[in-house]
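Student: I would like the atomic coordinates for the input below:
(chains A and B)
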Number of protein chains: 2
Amino acid sequence: MPAAPDQETFLSLGIHRVMEPRGVLPQLAWKLDNTPLARPTETLVNVRTLHIDSASFTQIANACERDTERMSRHILDIVAQRGKMHNPVTGSGGVLLGQIEQLDEVFAERHGLAIGDTIVSLTSLSWLPLYLKHIHTVYLDRSEVEVEGKAIFFRSNPLARLPIDLPQALAVAALDVAGAPARVAVMVQPGQRVTVLGAGGTAGLLTLCALHQHLGSSGEIIAIEYSKQALQDVAALGVTDVLVSGDATQPLELVERVHDLCRGRDYQADLAINVVNVPNTESATILLTKPGGRILFFSMATSFTAAALGAEGMARQVEMQIGNGYMPDHGAVALQLLRDYPTLRAIFARRFGQLARENI
Amino acid sequence: MPAAPDQETFLSLGIHRVMEPRGVLPQLAWKLDNTPLARPTETLVNVRTLHIDSASFTQIANACERDTERMSRHILDIVAQRGKMHNPVTGSGGVLLGQIEQLDEVFAERHGLAIGDTIVSLTSLSWLPLYLKHIHTVYLDRSEVEVEGKAIFFRSNPLARLPIDLPQALAVAALDVAGAPARVAVMVQPGQRVTVLGAGGTAGLLTLCALHQHLGSSGEIIAIEYSKQALQDVAALGVTDVLVSGDATQPLELVERVHDLCRGRDYQADLAINVVNVPNTESATILLTKPGGRILFFSMATSFTAAALGAEGMARQVEMQIGNGYMPDHGAVALQLLRDYPTLRAIFARRFGQLARENI
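Tutor: Sure, this is the predicted structure:
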């Protein structure tokens, strides 16, 4: 008898691996069953590297006085206790790299996978059952841990195959924020004026390239960035029409600056993308968007209430979207941008490549 | 010389009334200039009643041991200190009722107003310069304060004329959540399956009627409500196809129940509206929406990160909107629903009418 649709949904989410508390999704669970064998609908990955979320890694490093031996034991303890690398203090996870060992056929077809493929998880480590046998090395400078272990993927968990033509560190950096350019690509319309706040960050640079690709010579891109160094990267990219050095937490000053740089033309965007990594930038984003325009808040520092009450108080009929990090093939979109824009790749290499690491 | 566009924007937002700190919007300001005279672009309202936000009113009542004399002094102190009724402890405001005394012509044309009209503010009291001369009465049972005072409206502040054919308490209750049905009315498409979580609340009931009006006999409405009493009101309204008694904070149990009640038909929504007044309902909302469907989070208890990471972890390509309380004419939409649906009006009368008050 085929399973009821809800049972299928539950299996694909991995509810059957939740040990406590019952009735929640794996991400919200305290403990998962991390038995390193793939059951029906599951895929088993031979884990090589954990890229631990920066907040989590810093917390562990501090708690262990940056002693990598102690950090190894600490990480092994968390995984033994919870059945996943889900830091109980910070609540965050990270991503993993590994090779496919056992493969569910539905999962294989959905992602075009074969046994032996090297993959990166595009969901948080807080979702994935993880079994660690050993930790080889902790890299203090890059939140990275080399391990021997196994992870379970459920059918619903997004992942990306690691490309063979791009350095691993660059690919992982791009995949980490891949949702932003993929979502932007389906939202932007030809001829639109699009403003990106936080344009010089990893997500911002990818977003600018995605916009450039979709707008072509039509429309207009306004890039706003606070850091002078990052602003130089935006300028080097050469895909923006107006470049603004400004602070999105200071709405009035920023609006005046954008207005002045637009020299009397309309300065308000049809579409605004917020990828700023600090809080309190909702007002500026709303003020820089046309009444009736759209906003995509992709920053995790966004406050739901500040956005909702801000738009209401200013009587702005803007449509505001919560940045959903998932789009089919969003990993592929981000990686293709790295191939299509050599300057973007060079900036990523400087920021995330081997050279950058040696300088840390 | 005409003002630059940004200067017009700043005037319409009321930046010129901000005393400290400089450079922020009136809502975020600690202190506004509450001089009770309308300057150019401003409108002066003779204030009769303050409906103080429930969180704010409760805090003041507790701090003053429910002594209405002390509460009056406390409220007068806040307004004298800040130039607005913006509770520094809760950060919230409320709405006011009053009559228009001096009227800006642009504002008059925008809202179809005349001097002497009785209006309700549709923006938070935290935006509006307020001068209080006297407090007549504090109504402990309904967060209401009768006052003698003046308020300033800026061109950007939304408001609604109080209708003469509806009891004041009912109209104010509907106007308080008017954004939800107005926004839903522009989002819903004929033939869609729409699920409302928190369907029995004030916003939920108005939303159901707005959906019924726009869907007609096409499509399907699934109503989910936790309170048994409120569920009876939803049933009495008679506009829903599937009625679900359930708890949106328990996603798996709720999904199973909705699935069972839909008896094998597809149970996932094209459009889901979240108007639940408790936190942790994002997962259930996402699971009850089709991959590729849309979600409108109108609840102020929504967590931006829970929604974003939840959709990502479940690999659901849903479009999630932040409920923006402002739509042109959103007050009129909500009031018209009270006229068009006599059962809705009867439920509101029981919940918010004079009779309800006497029972408190």
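Student: any weak-confidence spans in the stretch 251-360 of chain A?
Tutor: Low-confidence segments of the stretch 251-360 of chain A (pLDDT under 70): A:354-360.
Student: Strands of that one, start to end?
Tutor: A:269-274, A:289-297, A:319-322 (DSSP state E, counting those that start in this stretch).
Student: hey, which of these is tucked in deepest?
Tutor: Greatest average neighbour count among those goes to strand A:269-274 (a mean of 26), per mean count of other CB atoms under 10 Å in any protein chain shown. Where you see a C-beta, it was placed from the backbone N, CA and C, and this is true even at glycine.
Student: got a list of contacts for that strand?
Tutor: A:180, A:184, A:187-189, A:192-198, A:207, A:222, A:248, A:281-282, A:285, A:288-290, A:293-299, A:302 (CB atoms under 8 Å, 6 or more residues apart in numbering or on different chains).
Student: restrict the residues you listed to contacts with chain B.
Tutor: Taking CB under 8 Å from any CB of the partner chain as the test, chain B is in contact with A:297, A:302 out of the contacts of strand A:269-274.
Student: Buried only: go through the contacts of strand A:269-274 for me.
Tutor: For the contacts of strand A:269-274, a burial check counting by 16 or more other CB atoms under 10 Å in any protein chain shown picks out A:180, A:184, A:187-188, A:192-198, A:207, A:222, A:248, A:281-282, A:285, A:288-290, A:293-299, A:302.
Student: Please list the residues of the stretch 1-150 of chain A that sit near chain B.
Tutor: Checking the stretch 1-150 of chain A against chain B by CB under 8 Å from any CB, the hits are A:4-6, A:9-10, A:13, A:15, A:23-28, A:122-124, A:126-127.
Student: Show the buried residues in those residues.
Tutor: Neighbour-count burial (16+ other CB under 10 Å) applied to the residues of the stretch 1-150 of chain A next to chain B gives A:5-6, A:9-10, A:13, A:15, A:24-28, A:122-124, A:126-127.
Student: Grab the nearest non-local neighbour of residue A:252.
Tutor: Sequence neighbours aside, residue B:23 is the residue nearest to residue A:252 in space, at 5.2 Å (criterion: CB to CB, 6 or more residues apart in numbering or on different chains).
Student: Likewise for residue A:188?
Tutor: residue A:214 (5.0 Å).
Student: would the one you found count as being in a helix?
Tutor: Yes. Under DSSP: H, G, I helix; E, B strand; the rest coil, residue A:214 sits within a helix.
Student: Am I right that it is in contact with residue A:185?
Tutor: Yes. Counting by CB atoms under 8 Å, residue A:185 is a contact partner of residue A:214 at 5.7 Å.
Student: Would you map the helices across chain A?
Tutor: For chain A, the helices defined by DSSP state H occupy A:5-13, A:54-63, A:68-82, A:105-111, A:168-176, A:179-187, A:202-215, A:228-237, A:251-261, A:282-287, A:304-313, A:330-340, A:342-352, A:354-359.
Student: what residues does the second one touch?
Tutor: For helix A:54-63, the surrounding residues in contact (CB under 8 Å, 6+ apart) are A:52, A:71, A:74-75, A:87, A:89-90, A:92-94, A:140, A:143.
Student: May I see the buried residues of that helix?
Tutor: Of the residues in helix A:54-63, those buried by neighbour count under the rule 16+ other CB under 10 Å are A:56-57, A:59-61.
Student: CSV for these, including pLDDT?
Tutor: CSV is the format used below for the buried residues of helix A:54-63 (pLDDT from 0 to 100):
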residue, pLDDT
A:56, 89
A:57, 92
A:59, 92
A:60, 96
A:61, 95
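Student: just to revisit the earlier point, okay, the residue nearest to residue A:188: pLDDT?
Tutor: Listed pLDDT for residue A:214 reads 96.
Student: what's around it, how many residues?
Tutor: 19 (other CB atoms under 10 Å in any protein chain shown).
Student: So residue A:83 is in contact with residue A:36, correct?
Tutor: No. Residue A:83 is beyond contact range of residue A:36, at 10.5 Å (criterion: CB under 8 Å).
Student: residues shared between the contacts of these two?
Tutor: Listed as contacting both residue A:83 and residue A:36 by CB under 8 Å, 6+ apart are residue A:131.
Student: The two: who's more crowded?
Tutor: residue A:83 (24 against 19).
Student: Quick check: residues of the stretch 151-300 of chain A near chain B?
Tutor: So the stretch 151-300 of chain A meets chain B at A:156-158, A:179, A:250-253, A:255-256, A:259, A:266-267, A:283, A:287, A:297, A:300 (CB under 8 Å from any CB).
Student: if you skip the residues just before and after it, what's nearest to residue A:231?
Tutor: Nearest in space to residue A:231, with sequence neighbours left out and distances taken as CB to CB, 6+ apart, is residue A:225 at 4.5 Å.
Student: Residue A:206 versus the residue positioned nearest the centre of chain A, what's the distance?
Tutor: The centroid of chain A falls nearest to residue A:177 when counting by CA atoms, centre = their mean (3.0 Å). Separation of residue A:177 from residue A:206 (CB to CB, to the nearest Å) stands at 6 Å.
Student: Equivalent analysis for residue A:296, please.
Tutor: Residue A:296 sits 13 Å away from residue A:206, going by CB to CB.
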